[in-house]
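A.B. asks: Everything below, folded, please.
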Amino acid sequence: MSSWREPLTKARQLAGRVGLNTAWLAAARLGSQLASALMAILVARQLGQAGLGAYAFFSAVILTGNVLTTYGTDTLLIRELAGSRDPRSALLAAALAACAEKDPALLAELVRSPQARLRILASWALSEVADRSVLDALLEITSDPDPEVRAKSARALARVRERESVAALTRLAKDPVWFVRVRALDALGELGEGEEAAFAALEDPVREVRARAAFALRQIDGMKGEVAAKVLAVASRRGFNSLISEWDRAGFLWEVVKGLSTRDWGRYRESVRTVRILIDAGVTRSLAHFVLVFPDLKVRLRLVRLFRESPSPHLRAEILAVAGQPGCHALVKREIMEIFSGAAVSPAVRQAKGS
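C.D. replies: The predicted model follows:
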């Protein structure tokens, strides 16, 4: 069968299964309603008017009690089992974790089992209850041939805050399987360690791994200009963009710009340095947008004056486009036109205006 027919065939098979399941569900619902109607008729004929009222009252009480006793746990259980690739494994792992909560060492032998399914279940349970007593077993399964076991070991190692954990997680951050690398980076970020591993992961070919590396760096180093400068020095443009995307999602760019209005001299200098790094790196569109929307007019003007230090013609076009927006403040527009319109401003003039 040709390759272009395969997706069509699979879609038809899926549509057939969905249609058959829908038909069975509809038939079951219809049968249930018919049975309920017949039951109501029979009960009414046998019990009479008074008996039917009593029956309806007790049925309502039982139904209400059932809702209060389950309290939505049945729906939650169904949802969790439906989201699991293997519902039985999820239940077994939860049971193992509950049994070994007070003594995780009970699971140490299971993670060494020759059966892959047992190792997966045990590592899954350990990821919830691991402590120092199972560190040796966890370090062993970081080299397990099954990637699911290695991924669960990364999560478990995050619970064991030891130097050996960081070294093992650093190795797992280079694992050939992408979701193992993701779990290792998550664990390193949780531990606040592994800066070099996170920097290296910014070059990963998998986008999700790069995103987790950026998130880990935010947990490890915070959101600082030094981090951006170091990423620019050691990473590619793709890695730098991953870092900036995470910072933007976390509201970091807004906080950097907000720092231009603070009276805290240390924070102000850090914000100025970070803005200059971002401008030189080409992060201009978001910063230019702040010139238009930031609430503090003084901050907008300071941003414009920082923009003039960059010789980029692309930045010049961005900032002039901001000046043409209807919502641009008159003072900001005048500042932009004085700095960026017409001939290029000489360094001497720039220095005079900056003083």
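
A.B. asks: nearest residue to Ala321 other than its sequence neighbours?
C.D. replies: Ala288 (7.7 Å; C-beta to C-beta, 6 or more residues apart in numbering). All C-beta spots, glycine's among them, are computed from the backbone N, C-alpha and C.

A.B. asks: how deep is the one you found tucked in, by neighbour count?
C.D. replies: The local packing of Ala288 (other C-beta atoms under 10 Å) involves 21 other residues.

A.B. asks: Just the buried residues of the helix or strand encompassing it, please?
C.D. replies: Using DSSP states H and E, Ala288 maps to helix 285-293. Buried positions in helix 285-293, judged by neighbour count with 16 or more other C-beta atoms under 10 Å: 287-288, 290-292.

A.B. asks: ok so, going back, what residues are up against the residue nearest to Ala321?
C.D. replies: 307, 315, 318-319, 321-322 (C-beta atoms under 8 Å, 6 or more residues apart in numbering).

A.B. asks: circling back: which residues belonging to the helix or strand that the helix holding Ala288 is followed by are considered buried?
C.D. replies: Under the assignment DSSP H and E, the closest C-terminal helix or strand after helix 285-293 is helix 297-307. Under the neighbour-count criterion of 16+ other C-beta under 10 Å, helix 297-307 has 299-304, 306-307 buried.

A.B. asks: Adding pLDDT and distance to Val129, write these out as CSV.
C.D. replies: As requested, the buried residues of helix 297-307 are arranged in CSV below (pLDDT from 0 to 100; distance: C-beta to C-beta, whole Å):
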residue, pLDDT, distance to Val129
Val299, 86, 49
Arg300, 88, 53
Leu301, 88, 56
Arg302, 87, 52
Leu303, 86, 50
Val304, 86, 56
Leu306, 85, 51
Phe307, 82, 53
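
A.B. asks: how about Gly282, phi and psi?
C.D. replies: When read as degrees, to the nearest 10, the backbone of Gly282 gives phi 90, psi 10.

A.B. asks: Run through this protein and note the low-pLDDT ranges.
C.D. replies: Counting by pLDDT under 70, the chain has low-confidence residues at 1-15, 66-97, 99-103, 106, 221-236, 311-312, 342-355.

A.B. asks: May I see the domains of it written out as residue ranges?
C.D. replies: 86-172, 251-355 (automatic domain parsing).

A.B. asks: Out of these, which one sits most buried?
C.D. replies: Of all the domains of the chain, domain 86-172 carries the top mean neighbour count, a mean of 19, counting by mean count of other C-beta atoms under 10 Å.

A.B. asks: right, and the domains of the chain - which one's nearest Ala213?
C.D. replies: Across the domains of the chain, Ala213 has its closest neighbour in domain 86-172 (12.4 Å, C-beta to C-beta).

A.B. asks: can you give me how far that closest one is from the chain middle?
C.D. replies: From the chain centre to the centre of domain 86-172 is a distance of 23 Å (C-alpha atoms, centre = their mean, to the nearest Å).

A.B. asks: Would you mind measuring from Val129 to Ser143?
C.D. replies: 22 Å (C-beta to C-beta, to the nearest Å).

A.B. asks: ok so, going back, adding distance to Ala151, write the buried residues of helix 285-293 out as CSV.
C.D. replies: Formatted as CSV, the buried residues of helix 285-293 follow (distance: C-beta to C-beta, whole Å):
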residue, distance to Ala151
Leu287, 38
Ala288, 41
Phe290, 40
Val291, 44
Leu292, 44
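
A.B. asks: Go through the residues you listed and name the one nearest Pro326.
C.D. replies: The closest of the buried residues of helix 285-293, once distances to Pro326 are taken by C-beta to C-beta, is Leu292, at 9.9 Å.

A.B. asks: I'd guessed the closest one sits against Gly324; true?
C.D. replies: No - using C-beta atoms under 8 Å, Leu292 is not in contact with Gly324; the gap is 10.4 Å.

A.B. asks: how about the buried residues of helix 285-293, which pair is most distant?
C.D. replies: Farthest pair in the buried residues of helix 285-293, by C-beta to C-beta: Leu287 and Leu292, 10.6 Å.

A.B. asks: Now name the helix or strand holding Ala214.
C.D. replies: helix 207-221.
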